[in-house]
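Colleague: Following is a predicted model, sequence given first.
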Amino acid sequence: MKSSKDWEAFSNCLDAFYGENKGQEDTNKPKSRLEMLKERKQARQNELQQPEPPKSPWLQSRSHKRDTQFRCTGEAISCAIELASVAAARTARILVFTNGAPNLGVGTTCAENSTRVDPVQLAASITDFWSPIGLQAANAGIGIDAFLTGVQELAVPAWNSIVEPTGGYALCQDNAANLVDNIKYVLNDTYLSGLYVDDDKDKKWIDGCVIDIRLPSFVEATHLIGMGEFLDDEKILLPNERATFAAGSAIAAKNGIETNKLPDRQTFEGVVMRVRICRHDPLTTLSMMLRVLPEIGADTEFAHFQFVARYMDAPGSMMITRISTYRLGLAKDVSTYMDSVDEDVIPVVLAKEAVYRALYGRESDGVLNDEPVDPAEMEKLAYQVQKDIDATIQNISGEFRLLGLQEGARALDLTEEGQTKAVGSSMDFTFPPELSESLRLLYYLRRGPLVSPGPVQSSDDRAEKRSLFLRLPLDDCLNMMAPIVWTTGALHDPKLVVEVSLRGTAPPETLILWDNSIIAADHFNNLFVWSGKSTLSEDFDHIRWKFQKLLENRTQHRFPRPMLHLLSESDSMSRRFTSMLAPSHNDPLDHQLALFPALAALTPGEVSSLRSKFRFHDPAVDPSFHQWFWDTASAANISSRKGDKAGISLCE
């Protein structure tokens, strides 16, 4: 998109999409009755003088006003796919703009004689129409992206099932500015790719980006979550790789390294996982869990991992290959291993497995289920996933305590620096300190909209968030699991210059909601600036502006574009922000101070006012982190959770 003329078609879509006339001057000025009569007379005269030009049937039906809009979206997309399939182009794109759910004809998500989304019909339409047509588009090299808006249900699960096979996005749009930015990313930064594979027996195209994951012989993958599909029958060396592979083998043989007559097809297939992703997208990621097999040699010191990504450039004239190779040392004991773990990666990998189970259920008999689930059944899956998270924490805690008993708690290395820690908090002896932040992130995941059937804006919002979470990179996923929060603390002088840094200054807990503070929060697709009831005057506007600029600068290149909410304690909409904060107000005071030391600066009256904000909170339904962890990890509760009450670890 090089010039403004290139966006003329999208401007027309925006006019229809939002009811906005962006190409003309604002004429919403009040008119006199005489002016309106003159305009009507002139319009009648024009009709008599000039015959009406022929109109498209689509425009004719659009001109007739109806009380209810009917959208035969399925037939429209089928028609677009057929038109794109016969075009002489390597790949094609379809952009769908709609202001509601499909409610007419093939692919309808509504029950008969109804315009509201029906859960049973939605699940049936996904299986019978949306998923197959999405696969048909992907096989034809056609990408589909959907931009949705409306005041009623949008049937986002149906849209996800048609865009995901093509690597596309189904995004709920709240305003035109965000829509334009999102369209620019989809069109300028993502594209469909195709690879021509020349095998000895067959010549064919492999559509999409092809990724090879090469593992050591003593390591196997147990979970792989993300976009794409396995290519088990197409594990061959590409022509441009065979010469390189043979040259490497010759160098190895020259230096006395056994090569086993590589490249050998059988050996190659045994150590390679090949995945195809339909679209080149810088944000698309894969997550994997690995297991070390008993076949590992006692003298093995390193494990080598190699990742190869192949894709065509945007014009389709050049194949690009990216190779990343990692050599990781093998830990000799548990303490060395724990010191080396990445505390950001572990919760995200586990969380992606949890969200996948919330969408499709657990793996059954070693086979992943990618079939859509009835939306009513998803509520049961959400509770089931919460149990699975609990079971994961129980297993880690139980193994850690058992290890402490075997090696002696005072002799066990409990610090990241490798120093022996003789005395620590009770949690230090119950859960690995190196995973303390991972533990908190899994707690936020458990109660947040990605998993919990609790407070969310709608089922469409949850479906959109889950789809994005399974494909986005690490930093975005961390932000989706728990918000990053900044607070001014107690503001007594509005003229005070508040220093705002890019580092989170407060935990995302209810204890930060002080009457005399202003808070900013970044929760990936929602940005908040919240003002306590003592800071609502204009004297504090410069602080709110500074927080707003902080959030805008952090997210200026984010996709999808987030929404900014300016809230105050007196707003009913502030619930949208406060529901994201963990309920720590009922915890014992010593735990509160350990979590948020700034509470010590509050007077008893201010503490009482803070606690009084949460009179209607039910800790049995939404426990604090302290309550949840000890209820989950205590030995007495672990033994009582068996049968239907027990979950299955996310690692199993």
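Modeller: Good, I have the coordinates.
Colleague: For stretch 557-574, measure first residue to last.
Modeller: Its start and end residues considered, stretch 557-574 measures 26 Å (Cα to Cα, to the nearest Å).
Colleague: If you count neighbours, what's buried in it?
Modeller: Across stretch 557-574, burial judged by 16 or more other Cβ atoms under 10 Å covers Arg558, Phe559, Pro560, Arg561, Pro562, His565, Leu567, Ser568, Glu569, Ser574. Every C-beta, even on glycine, is put in place using the N, C-alpha and C of the backbone.
Colleague: same question, stretch 318-331
Modeller: Quick answer for stretch 318-331 (16+ other Cβ under 10 Å): Met319.
Colleague: As CSV, could you dump the C-alpha coordinates of that stretch?
Modeller: Extracted in CSV, the C-alpha atoms of stretch 318-331 (Å, rounded to 0.1, in the frame of the first residue of the first chain):
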residue,chain,number,x,y,z
MET,A,318,13.2,-16.5,-4.0
MET,A,319,13.2,-19.3,-1.4
ILE,A,320,14.6,-18.2,1.9
THR,A,321,16.1,-20.6,4.5
ARG,A,322,16.7,-19.7,8.1
ILE,A,323,18.7,-22.0,10.3
SER,A,324,19.1,-21.8,14.1
THR,A,325,21.3,-24.2,15.9
TYR,A,326,21.6,-24.5,19.7
ARG,A,327,23.9,-26.6,21.9
LEU,A,328,22.7,-27.0,25.4
GLY,A,329,24.7,-28.6,28.2
LEU,A,330,23.2,-31.5,30.2
ALA,A,331,22.7,-30.8,33.9
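Colleague: Contacts for it, please.
Modeller: With contacts defined as Cβ atoms under 8 Å, 6 or more residues apart in numbering, stretch 318-331 is touched by 195, 240-241, 296, 300-313, 337, 340.
Colleague: cool, and stretch 335-349?
Modeller: Under the contact criterion Cβ under 8 Å, 6+ apart, stretch 335-349 has outside partners 287-289, 331, 412-413, 416, 418, 432, 434-435, 437-438, 441-442, 445, 474, 477-478, 481.
Colleague: what's the first-to-last distance across that stretch?
Modeller: Stretch 335-349: ends 21 Å apart by Cα to Cα.
Colleague: Repeat that for stretch 111-130.
Modeller: 16 Å.
Colleague: Just the buried positions in that stretch, please.
Modeller: Residues of stretch 111-130 classed as buried by neighbour count (16+ other Cβ under 10 Å): Thr115, Val117, Asp118, Pro119, Gln121, Leu122, Ala123, Ser125, Ile126, Phe129, Trp130.
Colleague: Looking at these, which are in helices?
Modeller: Among the buried residues of stretch 111-130, DSSP state H puts Pro119, Gln121, Leu122, Ala123, Ser125 in helices.
Colleague: could I get those as CSV with distance to Asn46 and pLDDT?
Modeller: Converted to CSV, these look like this (distance: Cβ to Cβ, whole Å; pLDDT from 0 to 100):
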residue, distance to Asn46, pLDDT
Pro119, 50, 84
Gln121, 46, 87
Leu122, 47, 87
Ala123, 51, 85
Ser125, 45, 87
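Colleague: would you turn these into a markdown table with distance to Phe400?
Modeller: Converted to a markdown table, these look like this (distance: Cβ to Cβ, whole Å):
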| residue | distance to Phe400 |
| --- | --- |
| Pro119 | 42 |
| Gln121 | 48 |
| Leu122 | 43 |
| Ala123 | 41 |
| Ser125 | 47 |
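Colleague: quick one on the thing from earlier: want to throw the buried residues of stretch 111-130 into CSV with distance to Gln42?
Modeller: Below are the buried residues of stretch 111-130 laid out as CSV (distance: Cβ to Cβ, whole Å):
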residue, distance to Gln42
Thr115, 38
Val117, 45
Asp118, 48
Pro119, 52
Gln121, 49
Leu122, 49
Ala123, 54
Ser125, 48
Ile126, 51
Phe129, 48
Trp130, 48
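Colleague: Thanks a lot, see you next time.
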